[in-house]
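Participant: sequence and computational prediction follow.
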2 protein chains.
Amino acid sequence: MDLYRERGFDQTTVAEIAERAGLTERTFFRHFADKREVLFGGSAALVELLVHSVTDAPDGFSPIDAVASALSAAGALLQGRREFARQRQAVITSNPELQERELIKMASLAAAVAGALRQRGATEPAASLAAEAGIAVFRVAFERWVNGPESRPLPEWIDESMQELRGVITAR
Amino acid sequence: MDLYRERGFDQTTVAEIAERAGLTERTFFRHFADKREVLFGGSAALVELLVHSVTDAPDGFSPIDAVASALSAAGALLQGRREFARQRQAVITSNPELQERELIKMASLAAAVAGALRQRGATEPAASLAAEAGIAVFRVAFERWVNGPESRPLPEWIDESMQELRGVITAR
């Protein structure tokens, strides 16, 4: 991650990453399919956590409340990895191809959440709207967290951003 | 567009598109940078319309109301092109690379709308949240329009989807 920041993502080779991490290239490829995997390898776990949290939310929860509780769970998971998240964000922001990949990741998170909401009985378009709005909140909160003071935990940013969305949508 | 649907986007050559349209390849390339342009060439005009509509919305409008009025203007513009939109949607749905390009287009619409909102004094994260929520509404409404009865105009779908978002976000 330091290497991506120092030299740029495109200019960094797998050999250099492996050397910096004290691994052989072979060991690197046992853990990561390619160098983008270092940045996006956590997506599957994040999808799984969001889907499970939506599914396990109490029966009486509205779609947006089920999404909010899933985002809080994701926030708690990521909270311990702020330094990684901050560096990852800087690498992605400086590379258009990685930005596109990040967009695709966010879209697949939203699609997975919408699917989980339909599983618990939400109809369309409510499921898609709640999921997309939730992922927008997550992105905003994530960015504020990595750029904000270290002391403020991600779940708080998520709650606050969700409140702000409610305020924005209901403003007349 | 018919060719993309009959043969698939990847299998269609520019020579075939030009022939079907009664153009030389040279004339085709005078109008479109490549064959994806046929599908995405309208993006710039759509961005411009959204940005102008947000900018020109009455002073008293909240960010989400400025976005809603911009989406209605975009809906009115697209209304006359339903058959093209329907076929375009089918082509994009069947091609993962085009789906990614469409995601990137939607993200750039949202970024442009957020920028226009900041220009009229909206602060962050309200500007980004209103823009992203608005684009989510637009996507949902667009899909319902192309798949729904021909008689129902896009601006109506947009208004209804915006109401549904308000309902989703405020549900407790």
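Facilitator: Yes, it's here. In this text, all values refer to a predicted model and were calculated from it rather than measured experimentally.
Participant: when you work out contacts or count neighbours from here on, use the C-alpha atoms and nothing else.
Facilitator: Noted.
Participant: buried residues in the helix or strand encompassing A:Phe138?
Facilitator: For A:Phe138, the host element (DSSP states H and E) is helix A:126-147. Buried positions in helix A:126-147, judged by neighbour count with 16 or more other CA atoms under 10 Å in any protein chain shown: A:126-142, A:144-146.
Participant: tell me which helix or strand of chain A sits lowest on mean pLDDT?
Facilitator: Ranked by mean pLDDT, DSSP states H and E, the helix or strand of chain A with the weakest confidence is helix A:25-31, at a mean of 67.
Participant: report all helices and strands that the helix holding A:Phe138 contacts.
Facilitator: Applying 3 or more CA pairs under 8 Å, 6 or more residues apart in numbering or on different chains; DSSP states H and E, one finds that helix A:126-147 contacts helix A:63-79, helix A:82-93, helix A:96-119, helix A:154-170, helix B:126-147, helix B:154-170.
Participant: contacts for it, please.
Facilitator: Outside helix A:126-147, the residues that touch it by CA atoms under 8 Å, 6 or more residues apart in numbering or on different chains are A:63-64, A:67-68, A:71, A:82, A:85-86, A:89, A:106, A:109-111, A:113-115, A:117-118, A:152-154, A:157-158, A:161-162, A:165, B:125, B:128-129, B:132-133, B:136-137, B:140, B:164-165, B:168-169.
Participant: and stretch A:39-51, what's buried?
Facilitator: For stretch A:39-51, the neighbour count (16+ other CA under 10 Å) marks A:39, A:43, A:46-47, A:49-51 as buried.
Participant: whoops, I mixed them up, stretch A:108-119
Facilitator: A:109-118.
Participant: restrict that stretch to CA atoms and write it as PDB.
Facilitator: Extracted in PDB, the C-alpha atoms of stretch A:108-119 (Å, rounded to 0.1, in the frame of the first residue of the first chain):
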ATOM      1  CA  SER A 108     -22.500  -4.700  -6.700                       C
ATOM      2  CA  LEU A 109     -22.900  -3.900  -2.900                       C
ATOM      3  CA  ALA A 110     -26.100  -2.000  -3.700                       C
ATOM      4  CA  ALA A 111     -27.400  -4.900  -5.900                       C
ATOM      5  CA  ALA A 112     -26.600  -7.400  -3.100                       C
ATOM      6  CA  VAL A 113     -28.400  -5.300  -0.500                       C
ATOM      7  CA  ALA A 114     -31.400  -4.900  -2.700                       C
ATOM      8  CA  GLY A 115     -31.600  -8.600  -3.200                       C
ATOM      9  CA  ALA A 116     -31.400  -9.200   0.600                       C
ATOM     10  CA  LEU A 117     -34.200  -6.700   1.100                       C
ATOM     11  CA  ARG A 118     -36.400  -8.500  -1.500                       C
ATOM     12  CA  GLN A 119     -35.700 -11.800   0.300                       C
END
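Participant: what residues does chain A have near chain B?
Facilitator: A:61-65, A:100, A:103-104, A:107, A:125-126, A:128-130, A:132-133, A:136-137, A:140, A:161, A:164-166, A:168-172 (CA under 8 Å from any CA of the partner chain).
Participant: any idea how far stretch A:105-117 is from the chain center?
Facilitator: Centroid separation for stretch A:105-117 versus its chain: 11 Å, with CA atoms, centre = their mean, to the nearest Å.
Participant: now that stretch: mean pLDDT?
Facilitator: Mean pLDDT, stretch A:105-117: 95.
Participant: show residues contacting it.
Facilitator: A:43, A:47, A:50-51, A:54-55, A:63, A:67, A:127-128, A:130-132, A:134-135, B:103.
Participant: can you tell me the element A:His52 falls in?
Facilitator: Going by DSSP H and E, A:His52 is part of helix A:43-56.
Participant: could you check the angle that helix makes with helix A:96-119?
Facilitator: Counting by axes from the mean of the first three to the mean of the last three CA atoms, to 10 degrees, helix A:43-56 lies at 20 degrees to helix A:96-119.
Participant: then helix A:43-56 to PDB, C-alphas only?
Facilitator: Output of helix A:43-56 as PDB, limited to C-alpha atoms (Å, rounded to 0.1, in the frame of the first residue of the first chain):
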ATOM      1  CA  SER A  43     -15.300  -6.800  -1.200                       C
ATOM      2  CA  ALA A  44     -16.700 -10.300  -0.900                       C
ATOM      3  CA  ALA A  45     -16.500 -10.200   2.900                       C
ATOM      4  CA  LEU A  46     -18.200  -6.900   2.900                       C
ATOM      5  CA  VAL A  47     -21.000  -8.100   0.600                       C
ATOM      6  CA  GLU A  48     -21.500 -11.100   2.900                       C
ATOM      7  CA  LEU A  49     -21.700  -9.000   6.000                       C
ATOM      8  CA  LEU A  50     -24.200  -6.500   4.500                       C
ATOM      9  CA  VAL A  51     -26.400  -9.300   3.200                       C
ATOM     10  CA  HIS A  52     -26.400 -11.200   6.500                       C
ATOM     11  CA  SER A  53     -27.100  -8.100   8.500                       C
ATOM     12  CA  VAL A  54     -30.000  -7.100   6.300                       C
ATOM     13  CA  THR A  55     -31.400 -10.700   6.400                       C
ATOM     14  CA  ASP A  56     -31.000 -10.900  10.200                       C
END
